[in-house]
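# Here is my input; please provide its structure:
(4 chains)
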Number of protein chains: 2
Amino acid sequence: MDTALHALAEPRRRAILNIVRDGEKAAGEIAAYFDVTRSAISQHLKVLKDAGLLEERRDGTRRIYRARREGLREVREYLETFWSGRLQGLKRVAEQEERRQRV
Amino acid sequence: MDTALHALAEPRRRAILNIVRDGEKAAGEIAAYFDVTRSAISQHLKVLKDAGLLEERRDGTRRIYRARREGLREVREYLETFWSGRLQGLKRVAEQEERRQRV
DNA sequence: AACATGCGTTAGTTGACACTAACGTTAGTA
DNA sequence: TACTAACGTTAGTGTCAACTAACGCATGTT
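Residues are numbered from 1 along each chain as shown, chains lettered A, B, ... in the order given. Got it, this is the predicted structure:
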């Protein structure tokens, strides 16, 4: 959870998520949107992937990425427990935790 | 928005938000929860306040803080529109929003 | 006035991180 | 095998941020 919020705190990474939101894209395609090096994008992709916000698929030498919806949903629901805070929120979080195991 | 996500990315600041979630607390009280300097906490409080996640009230020499719910709500809604973008997503978000109201 | 209380603020340090340049790796092709 | 394409990875650099120590600034109190 900490890693996910950390990943989202970086503007460039949120931009990447926006790019792959509506469909898959290869690493090179994603990098083409920006003026920085492919290396920089590659590192961002790793951070997003480790945070559970991105999924990777391979096609030959290409690596194709798409958004992982559950990752963002977990972040949102975590922020909700900041409200409710008590048992209700904690219960919901616990249920998510179980579900996460199966995914 | 960028500042809010940035503020939330820091674990210590999320801990502070948890402390003042259920009620107001003075800066010193908040600092007492941690093993770092009051100065460090004071700086965190400033970041949270500038991000719109905290409200400040003065009582004599004391400064009393409480969570600003709208700030967190804005972050949540931002993350929701992050996915959706389209109609289908928005509809799904709207349904979740209804459920959330009852909590 | 003098002092204490409860803070925020500043200077300086250390570690994290976003980035570039160069290299390594894997899959496909001539 | 040699070569290219499409990546990831590593070393090194500059910048930001979290922290401590010292100081400054109000508000009460004696």
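# Looking at per-residue confidence, what score does the closest residue to DNA strand D within chain A get?
Closest residue of chain A to DNA strand D, Cβ to the nearest atom of the strand: residue A:28 (2.2 Å). In short, each C-beta sits where N, CA and C put it, glycine included. As predicted, residue A:28 sits at a pLDDT of 98.
# Within the helices and strands, which one has it?
For residue A:28, the host element (DSSP states H and E) is helix A:27-32.
# Can you name the next helix or strand after that helix?
Sequence-wise, the next helix or strand downstream of helix A:27-32 (DSSP H and E) is helix A:38-50.
# ok, back up a step: any idea how far the helix holding residue A:28 is from the middle of the chain?
17 Å (Cα atoms, centre = their mean, to the nearest Å).
# Contacts for it, please.
Outside helix A:27-32, the residues within contact range by Cβ atoms under 8 Å, 6 or more residues apart in numbering or on different chains are A:16, A:19-20, A:37-38, A:41-42, A:45, A:62-65.
# try it again with 6 Å
Helix A:27-32 is contacted from outside by A:16, A:19, A:38, A:41, A:63, using Cβ atoms under 6 Å, 6 or more residues apart in numbering or on different chains.
# who wins for most neighbours among those?
residue A:16 (26 neighbours; other Cβ atoms under 10 Å in any protein chain shown).
# Which pLDDT value goes with that residue?
For residue A:16, the model assigns a pLDDT of 98.
# which ones are touching the residue most central in space within chain A?
Nearest to the mean C-alpha position of chain A, by Cα atoms, centre = their mean, lies residue A:53 at 1.4 Å. For residue A:53, the contact set (Cβ under 6 Å, 6+ apart) comprises A:7, A:68, A:71.
# Give the helix, strand or coil label for the closest residue to it other than its chain neighbours.
The spatially closest residue to residue A:53, leaving aside those adjacent along the chain, is residue A:71, at 4.2 Å (Cβ to Cβ, 6 or more residues apart in numbering or on different chains). What DSSP: H, G, I helix; E, B strand; the rest coil gives for residue A:71 is helix.
# Just give me the neighbour total for residue A:71.
Neighbour tally, residue A:71, other Cβ under 10 Å: 22.
# one step back: how close does the residue of chain A closest to DNA strand D get to residue B:62?
Distance, residue A:28 to residue B:62, by Cβ to Cβ, to the nearest Å: 56 Å.
# wait, what's in contact with the closest residue to residue A:48 other than its chain neighbours?
What sits nearest to residue A:48 in space, not counting adjacent residues and going by Cβ to Cβ, 6+ apart, is residue A:54, at 4.1 Å. Counting by Cβ under 6 Å, 6+ apart, residue A:54 touches A:48, A:65, A:68.
# ok, the first one - contacts?
Neighbouring residues of residue A:48 by Cβ under 6 Å, 6+ apart: A:7, A:13, A:54.
# so which residue of chain A comes closest to chain B?
Using Cβ to the nearest Cβ, residue A:9 is the residue of chain A that sits closest to chain B, at 3.7 Å.
# residue contacts, the residue lying closest to that residue once chain neighbours are set aside?
Residue nearest to residue A:9 in three dimensions, not counting chain neighbours: residue B:9, with 3.7 Å by Cβ to Cβ, 6+ apart. Residues in contact with residue B:9 (Cβ under 6 Å, 6+ apart) are A:5-6, A:9.
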